[in-house]
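Asker: when you get a sec, could you give me coordinates for this:
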Amino acid sequence: MMNKALLEELTDRYITGAATAAEKQQLQSLLDDPLYLEAFEQMVLSSLEAEKYQQEPDEQVFRRIYAGIEKQLRPAPRVRSLKTYLAAAAAVLLLILAGGAYVLLNKNTTHQPPLSTPLADVQPGGNKAVLTLADGTTVTVDSAARQIAQGGGTIQQQNGQLQYTTSASIPDTYNTLTTPPGGQYRLRLPDGTEVWLNAASSIRFPVTFAKTERKVEVTGEAYFEVAQNAASPFKVIVNKQTEVQVLGTSFNINAYTDEQDIKTTLLSGKVKVIAGNTGVQLSPGQQAVNRAGRVEVNKNVDTDKVTAWKNGLFNFQDASLEEVMRQLSRWYNIEIIYENGIPDMEFYGKMQRDIPLSAMLKMLERAEVKFRLEGNNRLVVLTVQ
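Answerer: Residues are numbered from 1 along each chain as shown. The predicted structure follows:
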């Protein structure tokens with residue numbers, strides 16, 4: 001049975017800096033249990049929401065919990081320390097200010113500037129997309145429940161997901177699911193393959209797959225969990241210039257046109273990525289980077305960062321300000337303007353994606369970035385203080 005009182009006492013002593021070496025070791029041992037780790041995360045969140053440590057400046061509390069995070073970003077294999085647990089939990093759960101907005105710090109932050117006048121809210125993205133049927137008919141899909149008939153099959157819409165069921169072959173019939181900026185959606189293809197679409201993305205797919213090949217086309221960003229079928233390889237055509245060949249596996253494709261590269265990241269199984277006359281085969285944890293038609297393999301990839309969007313998070317680990325702004329632009333459907341060039345800044349931390357823009361900007365302001373929100377959803381990045 002979980003000893004929550006002990007966990008709370010040890011957590012409190014660690015955050016306040018009063019824990020002995022033996023108590024730190026005891027806390028680490030408790031956090032080896034997933035139930036204790038989950039409870040620990042909730043305790044950190046609740047304590048900060050309730051301003052339990054309000055006698056100290058927020059930043060001192062944050063920095064104590066984040067102590068050593070830079071040293072733990074890439075720990076040696078099989079080495080797990082208390083700081084690793086704390087870095088992971090605190091990066092997700094240090095709640096401040098408005099609901100659901102988590103701590104985000106500039107790596108070079110030395111003080112906390114005053115927040116500017118509250119900005120008008122822009123709501124976060126959500127489950128919304130447009131389904132274009134083979135005959136050109138468009139259907140707006142969201143989180144509501146309904147059924148759409150097409151040929152000899154049906155499309156079930158529920159809880160932000162489309163699921164295809166076919167009772168007969170419908171050859172050469174292709175549908176396209178498109179998410180707008182500020183949208184996301186989930187799709188279950190006729191073969192059982194699961195697809196998650198990020199904002200400003202699309203997937204074109206057949207209503208019935210051929211017996212010898214399963215082929216889809218994507219733009220933007222998508223995460224796949226491909227149903228196994230050795231007799232019918234799965235292929236993804238990305239921006240009409242990269243091909244990903246799969247049997248049964250999980251992988252993420254990032255192919256936004258405002259990003260420099262097309263990136264395919266493998267989480268499980270095997271895939272082959274082809275661009276032009278070159279191709280590479282990936283192992284789990286590797287990433288194929290297509291830059292101007294040349295494919296290279298990145299063997300040191302943070303897969304949690306790559307798939308954070310699918311799990312409802314922003315992960316800004318080692319992200320530049322420009323990278324952060326591109327993600328916000330797509331999710332909140334805003335235009336980013338830099339008043340005096342793009343500041344050279346780097347961030348770390350995770351935040352929930354279901355928070356209003358104003359809460360997100362308050363977090364960024366703690367990293368000494370200032371903004372002005374104008375009409376027509378234009379966000380002006382001002383000179384960094």
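
Asker: what residue lies at the spatial centre of the protein?
Answerer: Ranked by distance to the mean C-alpha position of the chain (C-alpha atoms, centre = their mean), the top residue is Trp309 at 1.9 Å.

Asker: Pro181 belongs to a strand, doesn't it?
Answerer: No - looking at Pro181 with DSSP: H, G, I helix; E, B strand; the rest coil, it is coil, so not inside a strand.

Asker: list phi and psi for it.
Answerer: The main-chain torsion angles of Pro181 are listed as degrees, to the nearest 10 and equal phi -60, psi 130.

Asker: just Ser329 next, same as before
Answerer: When read as degrees, to the nearest 10, the backbone of Ser329 gives phi -60, psi -40.

Asker: that one is in contact with Ile337, isn't it?
Answerer: No - with contact defined as C-beta atoms under 8 Å, Ser329 and Ile337 do not form a contacting pair (10.5 Å). The way it works is simple: take the backbone N, C-alpha and C, and place the C-beta from them, glycine included.

Asker: quick check: closest non-adjacent residue to Glu194.
Answerer: In this structure, Glu194 finds its nearest non-sequential neighbour in Glu225, 4.3 Å apart by C-beta to C-beta, 6 or more residues apart in numbering.

Asker: surely that neighbour touches Gly192?
Answerer: No - with contact defined as C-beta under 8 Å, Glu225 does not count as touching Gly192 (9.2 Å).

Asker: and these two? Which one has more around it.
Answerer: It is Glu225, of Glu225 and Gly192, that has more neighbours when counted by other C-beta atoms under 10 Å, with 17 against 13.

Asker: what pairs with that one across the strands?
Answerer: When bridges are called by DSSP bridges, Glu225 pairs up with Glu194, Ser250.

Asker: so Thr176 versus Lys270, what's the distance?
Answerer: When distances are taken as C-beta to C-beta, to the nearest Å, Thr176 and Lys270 turn out to be 28 Å apart.

Asker: scratch that, Val297
Answerer: 13 Å.

Asker: return every residue with contacts to both of the two.
Answerer: Contact with both Val297 and Lys270 is made by residues Leu282, according to C-beta atoms under 8 Å, 6 or more residues apart in numbering.

Asker: burial measure for the closest residue to Gly125 other than its chain neighbours, as a count.
Answerer: Nearest residue to Gly125 in three dimensions, chain neighbours excluded: Gly182, at 3.8 Å (C-beta to C-beta, 6+ apart). Other residues lying near Gly182 total 20 when counted by other C-beta under 10 Å.

Asker: looks like Gly182 contacts Ala129 (just checking).
Answerer: No - checked against C-beta under 8 Å, the pair Gly182 and Ala129 is beyond contact range at 10.8 Å.

Asker: coming back round to it: can you verify the residue nearest to the centre of the chain is assigned to a strand?
Answerer: No - under three-state DSSP, Trp309 falls outside any strand and is assigned helix.

Asker: how far away is it from Leu197?
Answerer: Applying C-beta to C-beta, one obtains 10 Å for the distance of Trp309 from Leu197.

Asker: who touches both of these two?
Answerer: Residues touching both Trp309 and Leu197 (C-beta under 8 Å, 6+ apart): Gln184, Glu221.

Asker: measure stretch 325-342 end to end?
Answerer: For stretch 325-342, the separation between the terminal residues is 10 Å (C-alpha to C-alpha, to the nearest Å).

Asker: residues touching it, excluding its own?
Answerer: Stretch 325-342 is touched from outside by 122-125, 180-182, 198-200, 256, 258-259, 309, 314, 321-322, 353, 357, 360, 376-383, with contacts defined as C-beta under 8 Å, 6+ apart.

Asker: pull out the buried members of these.
Answerer: Neighbour counting by 16 or more other C-beta atoms under 10 Å classes 122, 124-125, 181-182, 198-200, 256, 309, 314, 321, 353, 357, 360, 377, 379, 381 among the contacts of stretch 325-342 as buried.

Asker: out of these, list just those in helices.
Answerer: Within these, residues falling in helices by DSSP state H are Leu321, Leu357, Met360.

Asker: touching, the last one and Met351? I think so.
Answerer: It stands for Met360. Yes - between Met360 and Met351 a contact is recorded at 6.7 Å, counting by C-beta under 8 Å.

Asker: what's whatever helix or strand Arg13 lives in packed up against?
Answerer: Secondary structure assignment for Arg13, by DSSP states H and E: helix 4-15. Counting contacts by 3 or more C-beta pairs under 8 Å, 6 or more residues apart in numbering; DSSP states H and E, the secondary-structure elements packed against helix 4-15 are helix 21-30, helix 34-49, helix 58-65.

Asker: appreciated, that's everything.
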